[in-house]
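Trainee: I need the structure of the sequence given here:
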Amino acid sequence: MYCMDSIGNIPKKYMIKINHIKNDHTNGAIYLTRKAIDIIGGYLQEISLHNKKLNKKKLRDILFEVTNAQPSMASIILFCNQLVILSESKHQANILESLINYCNITIKSLGHASENINQYAQVFIKHQCKIATYSSSSLVKNFLIFIKNKKIPVEVYCS
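Mentor: Down below sits the predicted model:
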């Protein structure tokens, strides 16, 4: 019998959110990674709130679906892979708490991504250099605005 509250092993409410990520071809990696973290973090918080035991199979299924929603987005893949590694750790007394903490830390670090990239990438930008990009992400846009405000003359090629 087909259960309307879940799709396979994943609750329907999470699959709906995962499908939003899958169908989003407008927003960039940071936005979509935040959405992925919201989904997974929400699932983990729900388990914690109801004092349930972590179902590692269900977690892996959700992580698999989230990764497949945007399979070329490295930030989502790396995040999900790290959660798999943490969930399989034998040295963690409270794996659920560790997973929730990792979600929170990752969300905070994404908030500083633009600043960090500007700081590290400006080292490579030389006077009157040429920059070619295939990306239209907010990080690239913010970096180009950053170097313009620094009055560093560059030529930019976008495709």
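Trainee: ok, now how distant is the residue most central in space within the chain from Gln122?
Mentor: For the chain, Thr33 is the residue whose C-alpha lies nearest the centre (C-alpha atoms, centre = their mean; 2.3 Å). Using C-beta to C-beta, to the nearest Å, Thr33 is found at 23 Å from Gln122. From N, CA and C alone the C-beta is placed, and that goes for glycine too.
Trainee: buried ones in stretch 36-53?
Mentor: Neighbour counts over stretch 36-53 (16 or more other C-beta atoms under 10 Å) mark 36-37, 39-41, 43-44, 47 as buried.
Trainee: Quick check, Ser137 in contact with Ala29.
Mentor: Yes - Ser137 lies in contact with Ala29 (C-beta atoms under 8 Å); the separation is 6.0 Å.
Trainee: Those two - which one has more neighbours?
Mentor: Ala29 (19 against 15; other C-beta atoms under 10 Å).
Trainee: Just the buried residues of stretch 36-53: which are in helices?
Mentor: 36-37, 39-41, 43-44, 47 (DSSP state H).
Trainee: Torsion angles phi and psi at Cys129?
Mentor: phi -90, psi 170 (degrees, to the nearest 10).
Trainee: Low-confidence stretches in this structure?
Mentor: 1-7, 91-93, 114, 126-127, 136 (pLDDT under 70).
Trainee: And it, what are its domain boundaries?
Mentor: Per automatic domain parsing, the domain ranges recorded for the chain read 6-111, 114-158.
Trainee: Need the winner for burial among those domains.
Mentor: Among the domains of the chain, ranked by average contacts under mean count of other C-beta atoms under 10 Å, first place goes to domain 6-111 (a mean of 16).
Trainee: how far does it sit from the chain's center?
Mentor: Centroid separation between domain 6-111 and its chain, computed with C-alpha atoms, centre = their mean, to the nearest Å, is 9 Å.
Trainee: Against Asn104, how distant is Leu144?
Mentor: 30 Å.
Trainee: same deal with Ile145?
Mentor: Ile145 is 29 Å from Asn104, by C-beta to C-beta.
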